[in-house]
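*Asks:* this is the structure alone, sequence omitted:
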């Protein structure tokens, strides 16, 4: 019975599940490709392929980390938007345990089908990936097609686990929804931080800073500093993402409030501050991808400059960065679109009230546009700040071995990521609000 109710929810509110399905499908595909790449590097190992094994390990780790943050955040935000539905479920006699099982059933079904589709995509795409690696000389030896029945099931299991871990964390909070919330606006952001979140977030930040400290104090050279700094950034980003609802909306409000002289600007800045879950959910994938990918690009750029790598090696490193960046950008872009559509689906009443107060459709679009720009620019800024801090740690960690550690900023990668995130965010938000405006006809 609970399973059937969950399936009806999926059919009734598909917009809350389609984005999560696509994001998880792509995540499973990328993790599957990375798993098969690592398996291929191991199978092809002849004593000269250590670099490729390390590269595939880093690729898989970064892909899995970004996938975890974005997929878990997408599932959690979708669950948070359904508090009134959950309160109604409780009002008609459903227990907290039944509600939790229903949410997990929904997550399990979506994750199984999305991960299966992603694994199939990985299987058919990997030969092209292998041809590219062999074609540009990324590997010292010719890489061959691995035995796929081990890496693909592993990738499938990882993707399913990521989705269900994110859903489980959010479902535990959803089970505490009171039936009385159906009588009020339960979409308001009341308590966005819990003691458990504060504890986990603090541990993640301390782990990240601890790894940075190890990179500085222990002279490990390139081979040690690069992975330590990247993993430190992953932990630091995890902490920032967990704490993001508690401080990022206020930061966005504080920085943009002095420039919000118009009525639309004041409403937009207030919306960024009060809609904490929406703001943090839109910012999280941007911070995650910008911080981790820019840290990787900055460390690799400095390494190439110090070692004075020949053009062929620089091309190989740039190709590897492209392999890591492209799927991560796709992750984040889909998460931005999904968050914009999910958030817009709950704003109909808000838009109707604004129209009743005399705000016209053009002004509403401007408000949404400004909210989106403030949020995305804030995410890019915070992500870049984390990456620059990580790059400074990397430089300090190498000063004992080198007289000068150059700072090479990857302008192209940063410009492409920022441009795509801004474009996708603006377009998806305007399309979503335009759809609501067509259905929110108010006679004034």
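*Replies:* That came through fine. The structure displayed is predicted, hence computed values, not measured ones.
*Asks:* right, and the helix or strand after the lengthiest helix in the chain?
*Replies:* Taking DSSP state H as the criterion, the chain has its longest helix at helix 96-136. The element immediately downstream of helix 96-136 (helix or strand, assigned by DSSP states H and E) is helix 151-174.
*Asks:* related to what we said a few turns ago, helix 151-174 and the longest helix of the chain, what's the angle between them?
*Replies:* On the basis of axes from the mean of the first three to the mean of the last three CA atoms, to 10 degrees, helix 96-136 is oriented at 150 degrees to helix 151-174.
*Asks:* where's residue 394 relative to residue 240, distance?
*Replies:* 19 Å (CB to CB, to the nearest Å). Where C-beta positions appear, they are placed from N, C-alpha and C, glycine not excepted.
*Asks:* and these two? Which one has more around it.
*Replies:* Taking neighbours as other CB atoms under 10 Å, residue 394 and residue 240 compare with residue 394 leading, 27 against 24.
*Asks:* which helix or strand contains the more buried one?
*Replies:* Going by DSSP H and E, residue 394 is part of helix 361-398.
*Asks:* right, and the helix or strand after that helix?
*Replies:* Next element after helix 361-398 (DSSP H and E): helix 411-439.
*Asks:* check the secondary structure at residue 305 for me.
*Replies:* Three-state call for residue 305 (DSSP: H, G, I helix; E, B strand; the rest coil): helix.
*Asks:* and the pLDDT at the closest residue to it other than its chain neighbours?
*Replies:* Nearest residue to residue 305 in three dimensions, chain neighbours excluded: residue 406, at 4.3 Å (CB to CB, 6 or more residues apart in numbering). The model reports residue 406 with a pLDDT of 82.
*Asks:* could you chop the chain up by domain?
*Replies:* What automatic domain parsing lists as the domains of the chain is 1-180, 191-444.
*Asks:* mean pLDDT for the ones you listed: which is lowest?
*Replies:* With a mean of 76, domain 1-180 has the lowest mean pLDDT of the domains of the chain.
*Asks:* quick one: list the elements packing against the helix holding residue 394.
*Replies:* Here helix 361-398 touches helix 195-217, helix 221-256, helix 263-274, helix 276-307, helix 348-356, helix 411-439, going by 3 or more CB pairs under 8 Å, 6 or more residues apart in numbering; DSSP states H and E.
*Asks:* which one of these has the most crowded surroundings?
*Replies:* helix 276-307 (a mean of 24; mean count of other CB atoms under 10 Å).
*Asks:* what helices or strands is it leaning on?
*Replies:* Packing partners of helix 276-307 (3+ CB pairs under 8 Å, 6+ apart): helix 50-80, helix 221-256, helix 311-345, helix 361-398, helix 411-439.
*Asks:* so which of the ones you listed gets nearest residue 154?
*Replies:* The closest of the helices and strands packed on helix 276-307 to residue 154 is helix 50-80. By CB to CB, the value is 10.2 Å.
*Asks:* check which element follows the closest one along the chain.
*Replies:* With DSSP H and E, the next secondary element past helix 50-80 is helix 83-91.
*Asks:* tell me the angle that next one makes with helix 151-174.
*Replies:* Between the axes of helix 83-91 and helix 151-174, defined by the same axes, to 10 degrees, the angle is 70 degrees.
*Asks:* next, the buried residues of helix 83-91.
*Replies:* Neighbour-count burial for helix 83-91 flags 83-90 (criterion: 16 or more other CB atoms under 10 Å).
*Asks:* ok, these vs residue 321, which is closest?
*Replies:* Set against residue 321, the nearest of the buried residues of helix 83-91 by CB to CB is residue 83 (40.9 Å).
*Asks:* what's the distance between the closest one and residue 360?
*Replies:* Taking CB to CB, one finds residue 83 at 31 Å from residue 360.
*Asks:* again with residue 311
*Replies:* Between residue 311 and residue 360 the computed distance is 57 Å (CB to CB).
*Asks:* with residue 239 instead?
*Replies:* Noted for residue 239: a distance of 42 Å to residue 360, by CB to CB.
*Asks:* now do residue 96
*Replies:* 44 Å.
*Asks:* list the contacts for residue 323?
*Replies:* Applying CB atoms under 8 Å, 6 or more residues apart in numbering to residue 323 gives the contacts 59, 129.
*Asks:* again, 7 Å this time
*Replies:* Contacts here follow CB atoms under 7 Å, 6 or more residues apart in numbering; on that basis residue 323 touches residue 59.
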